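J.: build the 3D model from these lines:
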Amino acid sequence: MIALVKVTGERLYNSPAYEKVLGYTLKELAATASMEQIHPEDRKRVIEAANQARLTGVGERLEYRMRHKDGTWRVLESTASAIRNRKGQVSQLVIVNRDITERKQVEQQLEHAAFHDALTGLPNRSLFLDRLQHAMDHGKRFTDFKFAVLFVNLQGLQIFNETMGLAVVDQLLIDISNRLRSLLRHDDTISRSTPAGSSGGAAGDGLLARMDGERFTVLLQDVKSPSDAMRVAIRIQESLASPFTANGLAAFMSASIGIALSSPLYGGHAEILRDADIAMCRAKANGTGCEVFDTHMHALVVQRLKVETELRKAIEHEDLRVFYQPIVRLSSGQIVGAEALVRWWHNDSELIGPAHFIEVAEETGLIVPIGRLVFREACRQAHAWHTLFPTEPLLTTTINISPRQFAQSNLVAEVKSALEETKVAPGSLQLEITETMAMNDFKTTTRIFSQLKDIGIRLSIDDFGTGHSSLSRLRRFPVDVLKIDRSFVHSIEHDLESREIARLIVALAHHLDLKVIAEGIETPGQHAYLEQFGCEFGQGYFFSRPVDRNMFEKLLAGAFLGVEVGRLQPSGHLAQSSTADRI
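T.: Alright, predicted model coming up:
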């Protein structure tokens, strides 16, 4: 489109292309001033560009919006050239316009896609970090400006992914995003999110973003106190508590939320986001729902990283040891087996129990190589003891299987490989998983249990009574042993409810033709009650603490000689409280 206008703005000529692009006839254009169709927000820039062309004779490339006859706005790219009169003065401007509306729409779509989540339409990680950095820069200039970052991790989606598929989960994420967006838009502690494409960073803005998967973040700006952030977190949890709909069924969600408050000590956005994530993980682990980050949390994370680093070296340098706690027949005190437990010989000077490192090992996946080490070493030792101390039946060796190990697709193959390598009798091994693990995925548990039973392995359910059991499922599991959790054994002498639960577990196990082991026996009274209930086996500090293989052989030798198990204990250990070992 080509136009000729006076420097005063009066139209002198418009090419026929104007009608094709903007819908106006030449007569309609001639009846209006050149500024009338220009967007009010762009008129000042157009006037400034025209003045510059008039003064210098050179026009710069300019983008602005003009109204189409149908009321919509078209984006034009324009250049102006000056025409001078006989006195050398600029009297007219030749304006060449190109319609770039479609190009601008594509650019906006690409920009939106680059900074927004494709599924929910929310700002993505890149845009969130950009806005977070804006807030941090603003806080450095204005010390009274405070903001907070909320890290939100959803729980409850995994089961729908497994049972209904990804499409249902995607729709749930969209519904959750819409509910959170609506909640934050109307929350009285923050205002609407900054429109996409604007500079952002002004005090009072709030931004909800989807980081990835089930994780969302919220940037609350211009908060007055930490309670403002906590109030928003509580409202998010309350909002998620109302059920969603998935394939016509009610879907219930929950969230763990971590909060990190602005501080001049933060050097960049990665640090405050890290701390919000740490607080979220703490909320998830503690079941508190929401946690505010503090320096103590940071110290714990640093310590955990140190443990992880040292634990990797310990695995590499073979600093992990297998200890054994005797399992005895309660009626006679005879040792019938042992539970294999891991210890860490730390810095060649200190023996560390699993309570200090198993959680880290589970989270990082290091539990898998640790479990493999314990399993093979326990199998080798069991075979050696069967040769030294032949009994009928053979001494059993119980080995704990962690959730990570149980989830490994090659678990059964690993067991078969260890049996072939060590030549241990399969029937002398007893693999133990917790009640919660067993009930978590019934089909998978049943399949793995059946494969292990086909090999000849015995199976035990640990911590029975503390998880969420289904008695109908328990009846269908091919297990051999139930273990009474130490929490019931500990209270059995003075708590009637714990005593009754222990008695019922023994009765239930016998009804299902299962044997029972009570763990954590520490006193003669506990021993007496359990024997009275008909519990066959037990373990705990009343008999022996976990000991290395040499001491365990002395216990076995003593048992063969008729010496009571407790007589061979190192002094000072029988009265200690037992620790919950997991492997």
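J.: going forward, measure contacts and count neighbours with C-alpha atoms only.
T.: Fine.
J.: okay, stretch 337-353 in PDB with CA atoms only?
T.: Extracted in PDB, the C-alpha atoms of stretch 337-353 (Å, rounded to 0.1, in the frame of the first residue of the first chain):
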ATOM      1  CA  GLY A 337      18.300 -68.600  61.400                       C
ATOM      2  CA  ALA A 338      19.500 -65.100  61.000                       C
ATOM      3  CA  GLU A 339      18.500 -61.800  59.500                       C
ATOM      4  CA  ALA A 340      21.200 -60.200  57.300                       C
ATOM      5  CA  LEU A 341      21.600 -56.500  58.000                       C
ATOM      6  CA  VAL A 342      24.000 -53.900  56.600                       C
ATOM      7  CA  ARG A 343      26.500 -51.800  58.500                       C
ATOM      8  CA  TRP A 344      28.900 -49.100  57.200                       C
ATOM      9  CA  TRP A 345      32.600 -49.200  58.300                       C
ATOM     10  CA  HIS A 346      33.100 -45.500  58.100                       C
ATOM     11  CA  ASN A 347      36.500 -43.900  57.700                       C
ATOM     12  CA  ASP A 348      38.100 -47.100  59.100                       C
ATOM     13  CA  SER A 349      37.100 -46.000  62.600                       C
ATOM     14  CA  GLU A 350      33.300 -46.200  63.100                       C
ATOM     15  CA  LEU A 351      30.500 -48.600  62.500                       C
ATOM     16  CA  ILE A 352      27.400 -46.800  61.300                       C
ATOM     17  CA  GLY A 353      23.900 -48.400  61.400                       C
END
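J.: quick one: residues in contact with it.
T.: Residues outside stretch 337-353 that contact it (C-alpha atoms under 8 Å, 6 or more residues apart in numbering): 314, 319-328, 354, 374, 378, 395-400, 546, 581-583.
J.: in helices, which of those appear?
T.: 314, 374, 378 (DSSP state H).
J.: quick one: which of those residues is nearest residue 170?
T.: Each of these was scored against residue 170 by C-alpha to C-alpha, and residue 374 proved nearest at 41.2 Å.
J.: so what's the closest one closest to, chain neighbours aside?
T.: The shortest distance from residue 374 to any non-neighbouring residue, by C-alpha to C-alpha, 6 or more residues apart in numbering, is to residue 322 (6.3 Å).
J.: ok, how many other residues are close to that neighbour?
T.: Neighbourhood size, residue 322 [other C-alpha atoms under 10 Å]: 21.
J.: residue 302 now?
T.: Using other C-alpha under 10 Å, residue 302 has 12 other residues around it.
J.: tell me the secondary structure at the nearest residue to residue 25 once chain neighbours are set aside.
T.: Excluding its sequence neighbours, the residue lying closest to residue 25 (C-alpha to C-alpha, 6+ apart) is residue 19, at 5.3 Å. Following DSSP: H, G, I helix; E, B strand; the rest coil, residue 19 is assigned to helix.
J.: how many residues are close by residue 19?
T.: Counted with other C-alpha under 10 Å, residues neighbouring residue 19 total 17.
J.: again, but for residue 296
T.: 9.
J.: quickly note the distance from it to residue 261.
T.: From residue 296 across to residue 261, the span is 14 Å (C-alpha to C-alpha, to the nearest Å).
J.: sorry, back to before: can you pick the most crowded of the ones in helices among the contacts of stretch 337-353?
T.: When neighbours are counted by other C-alpha under 10 Å, residue 378 leads the ones in helices among the contacts of stretch 337-353 with 27 neighbours.
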